[in-house]
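dropping the sequence and predicted coords here.
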Amino acid sequence: IVAWSTRLRPLSIMLGWLGYRVWGVDPLAWHAFTLVLHVLCSLEVLCLAKLLSRRDCEAFLAAVIFSVFPRHHQPVLWLAANQFLLSAAAVLLTLIVHILYLRTGKPWLYILTWGCAVVALAANEASAVVFPLMLLTEVLVRAEVGSEGAVRRLLRSPRTYIRYAPLLLLLVFFLAVTFA
């Protein structure tokens with residue numbers, strides 16, 4: 001169940017080991033686990049869409065489309081691909097917490113954003129996409145409260161890059177360790 005990989009995926013390996021210890025090689029339990037992860041991702045899409053659109057109908061439609069989209073069946077049915085579901089869940093949670101941080105400015109949410117990003121990277125290297133998505137999300141959130149000038153000021157501000165510098169350093173370190 002837990003295959004050795006040259007990639008650095010400690011969360012995926014740990015959950016695979018834990019799942020093996022709890023329910024062994026029972027395929028029903030493993031499929032239930034991946035189905036629960038898919039449902040969790042669908043609920044996170046609902047929450048993210050609600051935060052971005054502020055409309056229930058559009059958020060629900062986005063979550064339904066995400067949950068039944070035919071391409072998403074592979075990680076749900078293929079047990080060895082659960083790291084992609086873990087990665088998606090962690091990336092979506094990172095973006096949700098990041099939006100909450102941007103709207104409230106609470107420092108503990110920034111720290112939680114960091115934690116979620118680290119968990120996402122620990123699930124799968126494809127989660128490296130979370131950092132550009134965080135910057136894009138900030139542009140979207142700032143654009144909704146300001147004008148075009150607010151977005152330009154955001155992208156020109158050194159504070160923006162200082163805020164993302166630790167995350168960028170983490171990404172560079174992770175990629176260096178993973179692909180070395």
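All right, it came through fine.

so what's S12 up against?
By CB atoms under 8 Å, 6 or more residues apart in numbering, the residues touching S12 are 82-83, 86, 122-124. The C-beta positions use only the backbone N, C-alpha and C, and glycine is treated the same way.

same check, this time on L48
The contact partners of L48, by CB under 8 Å, 6+ apart, come to 92, 95-96, 99.

which residue sits farthest out from the middle of this structure?
Distance to the chain centre peaks in the chain at G149, reaching 29.0 Å (criterion: CA atoms, centre = their mean).

against L77, how distant is it?
Here the criterion is CB to CB, to the nearest Å. By it, G149 lies 48 Å from L77.

cool, F33 as well?
Relative to L77, and taking CB to CB, F33 is found at 12 Å.

between these two, who's got more neighbours?
F33 (18 against 12; other CB atoms under 10 Å).

these two touch, right, the more buried one and N82?
Yes. Using CB atoms under 8 Å, F33 is in contact with N82, at 7.1 Å.

tell me the phi and psi of R54?
phi 60, psi 30 (degrees, to the nearest 10).

and the pLDDT at it?
As predicted, R54 sits at a pLDDT of 85.

burial of it, as a residue count?
10.

tell me which helix or strand in this protein has the weakest average pLDDT.
Lowest on mean pLDDT, DSSP states H and E among the helices and strands of the chain sits helix 73-77, with a mean of 70.

what's the first helix or strand after that helix?
Moving toward the C-terminus from helix 73-77, the next helix or strand (DSSP states H and E) is helix 82-104.

what residues does the following helix or strand past that following helix touch?
Using DSSP H and E, the helix or strand that follows helix 82-104 in sequence is helix 107-123. Residues outside helix 107-123 that contact it (CB under 8 Å, 6+ apart): 8-12, 83, 86-87, 89-91, 93-94, 97-98, 100-101, 127-128, 130-131, 134, 166-167, 170-171, 174.
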